[in-house]
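Chemist: need a structure here:
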Amino acid sequence: MEGLASLVDVVDGVLDMSFGSNLDFENKTPEFDYGFVVTFRDRNAHLAYEMHKTHVEMGGRLVDACVGDYEGITVFDLEV
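Modeler: Okay, the predicted model is just below:
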């Protein structure tokens, strides 16, 4: 996560990243141990983040660490 978070200061338009353990107070997502949120200025910043070499490397490590590899990751893209 720290590797991905380092892109906040590197990729233009990556505004923030937060991450941590799923506390699951309502017992609705026990299958997810961990999560993170990345805030982008716009879609172009998101695309730049996706293609950045550090994201590709760290994202690969994240996939390898997940049960089910890529299928073990749930992504929500929200425009707020």
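Chemist: And the strands in the protein, which stretches?
Modeler: 14-21, 34-40 (DSSP state E).
Chemist: Off-centre distance for the lengthiest helix in the chain?
Modeler: Longest among the helix segments of the chain by residue count, using DSSP state H, is helix 53-65. Relative to its chain's centre, helix 53-65 lies at 10 Å (CA atoms, centre = their mean, to the nearest Å).
Chemist: what's the angle between that helix and strand 34-40?
Modeler: 160 degrees (axes from the mean of the first three to the mean of the last three CA atoms, to 10 degrees).
Chemist: ok, back up a step: deepest-packed of the strands of the chain, please.
Modeler: The highest mean neighbour count among those, using mean count of other CB atoms under 10 Å, belongs to strand 34-40: a mean of 15. Where you see a C-beta, it was placed from the backbone N, CA and C, and this is true even at glycine.
Chemist: what helices or strands is that strand leaning on?
Modeler: Contacting strand 34-40 under the criterion 3 or more CB pairs under 8 Å, 6 or more residues apart in numbering; DSSP states H and E are the following elements: strand 14-21, helix 43-51.
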